[in-house]
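Student: Predicted coordinates and the sequence they were generated for:
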Amino acid sequence: MVHSLRARLLLWLLLPLAAFVLVAGGVSYDAARQTANLLQDSALLASARTIIEDVDWDNGALIATIPPAALELFESPYQDQVFYKVLAGKGRLLVGAPDLPAPPAGLALPAWYDSRYAGMPIRAVAYERLLYDSGHAERVTVIVGKTMASRQAMIDVLWRPQLLRQGLMLALVMLLVPLGLTLELRPLMRLKDDVADREPTQLEPIRPDHLPSELRPIVDAINQCIARLKVHASTQRQFIADAAHQLRTPLTLLATQTQFASQCDARDPALFAALKGVHRTSQKMAELTSQLLLLAQAESMASPGVATRVSLAAVLSSVLEELIQAAQHRDIDLGAELDERVSVAGNAGLIASLASNLIDNAIRYTQRGGSVTALCRREGDEAVLQVIDNGPGIPAEARAHVFERFYRVANDTEGTGLGLAIVHQVARSHGGSVTIASGAARVGLIVTVRLPLWRE
């Protein structure tokens, strides 16, 4: 079964055309045969009339002589053989081949008929006339037959050129129609590429400009589906954001209460340990809720919305100030190399969360006494933000999964598994990219974020 639209269209074009060529070839052959028969029959009748014109009376007896003009009518390069006989009265042979077949009984003369003579098929005509002499009349019949070589040659001459032209036309169609179909199906291929190349969060309608009218209903249907998906995705993101926002307040209150309770004079060590556990769990839930809220905010933007000029150096300085205490707590040497001239277009809060998650991850996973360096610089038309550490790094087999939600490389370190997912989503929403590579001598990790530079 043919599944290609191009092949099916070509098949529907070629089948009727091939049927037309066959029918036209048959009709052309029939017309050529009729034309050849008409010319041959006319020549036979003309020859018979020429012969009968030279039949005359001589002393009361019929004399038949065959004039050369009667036979010259059949001259051709195909060397047809001509047979004739002249009969008088009721079959008295005057001249010619006595066994030349007569016409079937019941035919009105002149009569044309097909027969065989000397083992060869022939076409013959029988023609008669009454000849008068001194009030006496006698019927004279002339039969002329010839072989079929010139007739078949005439059919071939009339029919084969038409068949050749029709075959060439069919071959030309077979060559040009696929080319035409390829050219005319390019809008469909572009539409396919437009749909296939879209990001999952790109829920903008497809523009039907320059599309054939046959494709516009398909585009309208796709756009309606995109609109429904956009509403559904927006509803889901809003629900997540609302739920995370509503959870933050009671979780914060719970953490405060458990911390206060743990600081009170508790005589039961088990109760004190339980309160400490509740406090850690509530802190982890609050952090997870904040991360979910931030991820929902990043995913809700296919682009950063109203873009403002954001200084990467200022953002990194602010984030480093917030995380310096966490680095000192783990004896991490936290450094920076910042180019004050590097600015990007985007949402300052989301870019700050991107930098915060990268540096926080580096501090969490780098061993005590290690180093973490944040830097930003300009490379061509891009702003580059890098976070470099000398920690254990990420195994090569795990790098394909680190941007997935809730994926964690190590389970012995506290975290939500959402940090790099947020980094990836924020970078994508700003038209950028994130890559991960090993550090120098395969020690540590280098996370590189590339964002478009700010343009006035």
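Tutor: Sure, I can see it. None of these values were measured; they are calculated from a predicted model.
Student: Output the contacting helices and strands for the host helix or strand of residue 7.
Tutor: Using DSSP states H and E, the element containing residue 7 is helix 5-53. Judged by 3 or more Cβ pairs under 8 Å, 6 or more residues apart in numbering; DSSP states H and E, the packing partners of helix 5-53 are helix 68-72, strand 82-88, strand 111-117, strand 120-133, strand 136-147, helix 149-184. C-beta here means a position set from N, CA and C on the backbone, and glycine is covered the same way.
Student: If we use 7 Å, what do you get?
Tutor: Contact here means 3 or more Cβ pairs under 7 Å, 6 or more residues apart in numbering; DSSP states H and E; on that basis helix 5-53 packs against helix 68-72, strand 120-133, strand 136-147, helix 149-184.
Student: Quick one: closest of these to residue 369.
Tutor: helix 149-184 (64.9 Å; Cβ to Cβ).
Student: pretty sure residue 340 belongs to a helix, no?
Tutor: No: according to DSSP: H, G, I helix; E, B strand; the rest coil, residue 340 belongs to no helix; its state is coil.
Student: State the distance from it to residue 317.
Tutor: Residue 340 sits 10 Å away from residue 317, going by Cβ to Cβ, to the nearest Å.
Student: Specify which residue of those two has the higher count of neighbours.
Tutor: The neighbour comparison of residue 340 against residue 317 (other Cβ atoms under 10 Å) goes to residue 317, with 15 against 11.
Student: and that one, that one's in a helix?
Tutor: Yes: judged by three-state DSSP, residue 317 forms part of a helix.
Student: Disregarding residues adjacent in the polypeptide, which is nearest to it?
Tutor: residue 338 (6.8 Å; Cβ to Cβ, 6 or more residues apart in numbering).
Student: which ones are touching the one you found?
Tutor: 313, 316, 317, 375, 376 (Cβ atoms under 7 Å, 6 or more residues apart in numbering).
Student: likewise residue 352?
Tutor: Residues near residue 352 by Cβ under 7 Å, 6+ apart: 315, 318, 319.
Student: contacting residues for the second one?
Tutor: By Cβ under 7 Å, 6+ apart, the contact set of residue 318 is residue 352.
Student: circling back: between the contacts of residue 338, which is closest to residue 5?
Tutor: Closest to residue 5, out of all of these and judged by Cβ to Cβ, is residue 376, at 50.4 Å.
Student: Show me the shaky parts of the stretch 101-250 of the chain.
Tutor: Counting by pLDDT under 70, the stretch 101-250 of the chain shows low-confidence ranges at 199-202, 237, 239-250.
Student: one step back: chain center to the helix holding residue 7: distance?
Tutor: Centroid separation for helix 5-53 versus its chain: 42 Å, with Cα atoms, centre = their mean, to the nearest Å.
Student: Flag the shaky bits of the stretch 251-400 of the chain, pLDDT-wise.
Tutor: 251, 253-255, 257-268, 270-307.
Student: in it, which spans are helices?
Tutor: 269-299, 312-329, 348-365 (DSSP state H, counting those that start in this stretch).
Student: What helices and strands are in contact with the helix or strand where residue 428 lies?
Tutor: For residue 428, the element it lies in under DSSP H and E is helix 419-429. Judged by 3+ Cβ pairs under 7 Å, 6+ apart, helix 419-429 is in contact with helix 269-299, helix 348-365, strand 433-438.
Student: Can you check what angle separates that helix from strand 433-438?
Tutor: 140 degrees (axes from the mean of the first three to the mean of the last three Cα atoms, to 10 degrees).
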